[in-house]
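In: pasting a predicted model and its sequence here:
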Amino acid sequence: MFTPLSARQWNYETAAHLLNRAGFGGTPAEIESAYGKGLDAAARDLVDVSDESTALPPPVWAHPRTIGKIRTQMRSKKISHKERRERKRAFHDMEGENILDLRRWWLERMLTSPAPLLEKMTLFWHGHFATSVQKVRDGYWMWLQNDTLRRNALGNFATLTKKMSRDPAMMIYLDLQKSDKEHPNENWARELMELFTIGIGNYTEQDIRESARAFTGYRVNLSTQQSRFAPFHHDANSKTFMGRSGPLDGDDIIVALLEKPACAQFIGRKIWRYFVEDDPSPETVDAVASRLREHNYEIRPVLQEIFSSSEFYSEQVMRSQIKSPVQFLIQTAKLLEAPLPSPNIAQNAMRQMGQILFAPPSVKGWDGGRAWISTSTLLFRYNFANYLINGDAMSPESNPGKERAADFGFRRGLALDADIRRDAIEVSRLIPAALRNKPKELVAHLSNRLFQAKAAAKEANAFVQYLEARSPDTGDETMRGLLHLMMSTPQFQLT
């Protein structure tokens with residue numbers, strides 16, 4: 001279905017493209033390593049991993065008994081109304097801290113994991129089976145769902161979908177735990193078809209009603225914080241759903257949906273859009289759907305074929321995808337070989353750029369693509385890049401005697417009043433001393449790192465002119481200014 005990439009087409013740029021799309025980019029050394037392995041080995045190293053491939057442990061609070069005990073204490077009738085209110089406030093404060101820590105933890109995994117595709121695919125499913133802490137209001141359940149997505153991210157889609165129907169965060173988000181045989185709730189049944197499997201136009205309102213009946217009796221055990229099945233609340237009577245009749249349950253509905261050709265088309269198109277291009281042709285969607293059906297919805301072999309195909313490395317695909325805010329943050333930290341910002345700053349920066357983890361805007365997840373960029377988000381990206389480089393929001397050549405308007409605006413955008421400055425990056429890690437007084441060679445060197453390609457001619461000339469105008473100053477401030485100038489370009493927003 002796809003044309004394998006020939007050995008002569010495998011080079012530094014195609015290796016960089018693989019690391020960018022199947023993960024969160026790489027340093028020049030990591031790209032060279034992938035190139036040296038060859039395409040087959042490089043793709044296989046990304047795809048053939050398990051969720052145990054990283055040593056970063058779960059957050060220390062991600063334990064069901066901890067929160068379960070607090071919930072029990074908070075509801076106790078042995079305490080006064082005032083103490084109950086104080087415990088409730090303390091609980092909500094703790095939940096806010098847990099979610100902040102959960103976001104920090106996942107960003108660290110994305111940055112440091114030896115299995116970047118596993119994290120990238122977990123992020124894909126997080127946007128597909130979109131669930132928000134704003135309704136779930138439980139850090140443990142959000143972590144548990146994230147863990148479930150990761151453990152099944154490269155596995156079987158049918159298995160993952162069944163697990164999502166029993167996921168406490170999803171059950172609460174779409175009100176599945178309230179559904180019983182007397183009053184079936186249709187939220188999960190509708191979104192299962194519209195957003196998770198076959199898409200709009202491929203089901204009827206009657207299908208929704210019959211599916212809702214099949215999923216009755218799904219419950220969340222607040223003591224164990226796990227899902228359970230309540231048979232007395234389940235409608236065990238006969239149902240008719242998409243050509244099947246009988247006492248169907250939730251798993252039967254999912255099996256029936258995956259047998260529909262529309263399901264492979266729907267999932268195939270989303271996978272291709274996520275990893276390759278925004279507007280795949282009908283022939284491409286058919287090809288990906290065919291591979292999904294051939295592999296019985298096993299995701300790993302389908303991705304292996306995509307990453308090995310010449311279509312994945314075509315001229316119109318490479319360096320054409322707008323970086324998501326998550327991709328922007330993680331890839332920038334990798335390229336600068338710098339640590340992530342503090343959890344508060346990272347969280348608020350992600351909010352400003354339009355992608356805050358564990359809080360997608362709706363059950364549809366994030367639109368992605370061109371929706372990532374607007375006048376305000378692009379300006380914020382430029383300021384944020386400067387912050388990551390210099391440790392504040394001011395450009396290096398700003399007059400320190402003037403009002404720090406840029407810094408004030410940046411901090412206001414982050415909704416922070418405290419001093420947010422941090423250490424500037426170590427330029428010597430990125431720029432050899434011998435290149436500092438060679439503008440053209442230096443620009444080529446940094447273009448290779450930041451763009452994984454030559455800079456566009458007009459921009460390259462502007463970068464060289466920037467250095468020549470400051471000659472003979474080749475100090476760290478000038479070098480950081482060059483980095484910021486290069487990262488404040490449309491080319492840097494693409495991957």
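Out: Nice, I can see it.
In: could I get the full set of helices for the stretch 201-350 of the chain?
Out: 205-214, 250-258, 261-275, 282-294, 299-307, 325-336, 343-353 (DSSP state H, counting those that start in this stretch).
In: what's the helix or strand for the most centrally placed residue in the chain?
Out: With distances taken as Cα atoms, centre = their mean, Leu123 lies nearest the centre of the chain, 3.3 Å away. Using DSSP states H and E, the element containing Leu123 is helix 116-128.
In: contacts for the following helix or strand past that helix?
Out: With elements assigned by DSSP H and E, the helix or strand that comes after helix 116-128 is helix 133-136. Here helix 133-136 makes contact (Cβ atoms under 8 Å, 6 or more residues apart in numbering) with 99, 139, 142, 169, 172-173, 358-359. To be clear about C-beta, it is placed using only N, CA and C from the backbone, and glycine gets the same treatment.
In: cool, and stretch 425-433?
Out: Applying Cβ under 8 Å, 6+ apart, the set of residues contacting stretch 425-433 is 336-338, 388-390, 442, 445-446, 449, 476, 479-480, 483.
In: filter those residues to the buried ones?
Out: Listed as buried from the contacts of stretch 425-433 are 336, 338, 388-390, 442, 445-446, 449, 476, 479-480, 483; burial here means 16 or more other Cβ atoms under 10 Å.
In: ok so, going back, could you check the angle helix 325-336 makes with the helix holding Leu123?
Out: 160 degrees (axes from the mean of the first three to the mean of the last three Cα atoms, to 10 degrees).
In: what is the neighbour count of the residue lying closest to Gln225 once chain neighbours are set aside?
Out: Using Cβ to Cβ, 6 or more residues apart in numbering and skipping the chain neighbours, the partner closest in space to Gln225 is Pro64 (4.0 Å). Residue neighbour count, defined by other Cβ atoms under 10 Å, stands at 17 for Pro64.
In: was I right about Pro64 contacting Gln226?
Out: Yes - with contact defined as Cβ atoms under 8 Å, Pro64 reaches Gln226; the gap is 7.3 Å.
In: just to revisit the earlier point, tell me the pLDDT at the residue nearest to Gln225?
Out: pLDDT, Pro64: 82.
In: the contacts of helix 133-136 in helices, which ones?
Out: 99, 139, 142, 169, 172-173 (DSSP state H).
In: export those residues to TSV and tack on distance to Glu194 and neighbour count?
Out: As requested, the ones in helices among the contacts of helix 133-136 are exported to TSV (distance: Cβ to Cβ, whole Å; neighbours: other Cβ atoms under 10 Å):
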residue	distance to Glu194	neighbour count
Ile99	27	23
Gly139	28	23
Met142	23	27
Ala169	19	26
Ile172	19	18
Tyr173	15	24
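In: ok, of these, which one's closest to Val302?
Out: Closest to Val302 out of these is Ala169 (26.4 Å), distances taken as Cβ to Cβ.
In: if we can go back for a sec, wait, what's in contact with the residue nearest to the centre of the chain?
Out: Counted by Cβ under 8 Å, 6+ apart, Leu123 has contacts 110, 326.
In: now do the one 3 residues further on
Out: For His126, the set of contacting residues under the criterion of Cβ under 8 Å, 6+ apart consists of 146, 149, 357-358, 360, 365.
In: try 10 Å
Out: 106, 142, 145-146, 149-150, 153, 326, 357-358, 360, 365-366 (Cβ atoms under 10 Å, 6 or more residues apart in numbering).
In: check Gly23 too.
Out: Here Gly23 is in contact with 30, 34, 46, 110, 113, 115-121, 327, 330-331, 334 (Cβ under 10 Å, 6+ apart).
In: and it, backbone torsions?
Out: As for Gly23, its main-chain torsions (degrees, to the nearest 10) stand at phi -150, psi -140.
In: quick check, pLDDT for it.
Out: Model confidence at Gly23 (pLDDT) stands at 98.
In: can you count the residues close to the closest residue to it other than its chain neighbours?
Out: Among residues not flanking Gly23 along the chain, Pro116 sits closest, at 2.8 Å (Cβ to Cβ, 6+ apart). Per other Cβ under 10 Å, the neighbour tally for Pro116 reads 24.
In: same check on Arg293?
Out: Neighbours of Arg293 using other Cβ under 10 Å come to 16.
In: separation between it and Pro301?
Out: Noted for Arg293: a distance of 12 Å to Pro301, by Cβ to Cβ, to the nearest Å.
In: likewise for Thr375?
Out: Taking Cβ to Cβ, one finds Thr375 at 42 Å from Pro301.
In: what do you get for Val317?
Out: From Val317 to Pro301 the distance is 21 Å (Cβ to Cβ).
In: next one: Glu311
Out: From Glu311 to Pro301 the distance is 16 Å (Cβ to Cβ).
In: of the two, which one has the most company?
Out: Between Glu311 and Pro301, counted using other Cβ under 10 Å, the more crowded position is Glu311 (18 against 15).
In: in this structure, where is pLDDT below threshold?
Out: Along the chain, segments meeting pLDDT under 70 span 51-55, 65-69, 71, 393-419.
In: could you find the closest non-adjacent residue to Ile31?
Out: Sequence neighbours aside, Ala16 is the residue nearest to Ile31 in space, at 4.7 Å (criterion: Cβ to Cβ, 6+ apart).
In: who's in contact with the one you found?
Out: Neighbours of Ala16 in contact, by Cβ under 10 Å, 6+ apart: 25-26, 28, 30-32, 34-35, 318-319, 448-449, 451-453, 495.
In: ok, now with 7 Å
Out: Neighbour list for Ala16: 26, 31, 452 [criterion: Cβ atoms under 7 Å, 6 or more residues apart in numbering].
In: list the contacts of Pro168.
Out: Pro168 neighbours (Cβ under 7 Å, 6+ apart): 141, 144, 220, 225-227.
In: ok, which stretches of the stretch 1-150 of the chain are helices?
Out: Using DSSP H, counting those that start in this stretch, the helices of the stretch 1-150 of the chain run over 12-22, 28-37, 39-47, 64-74, 81-112, 116-128, 133-136, 139-152.
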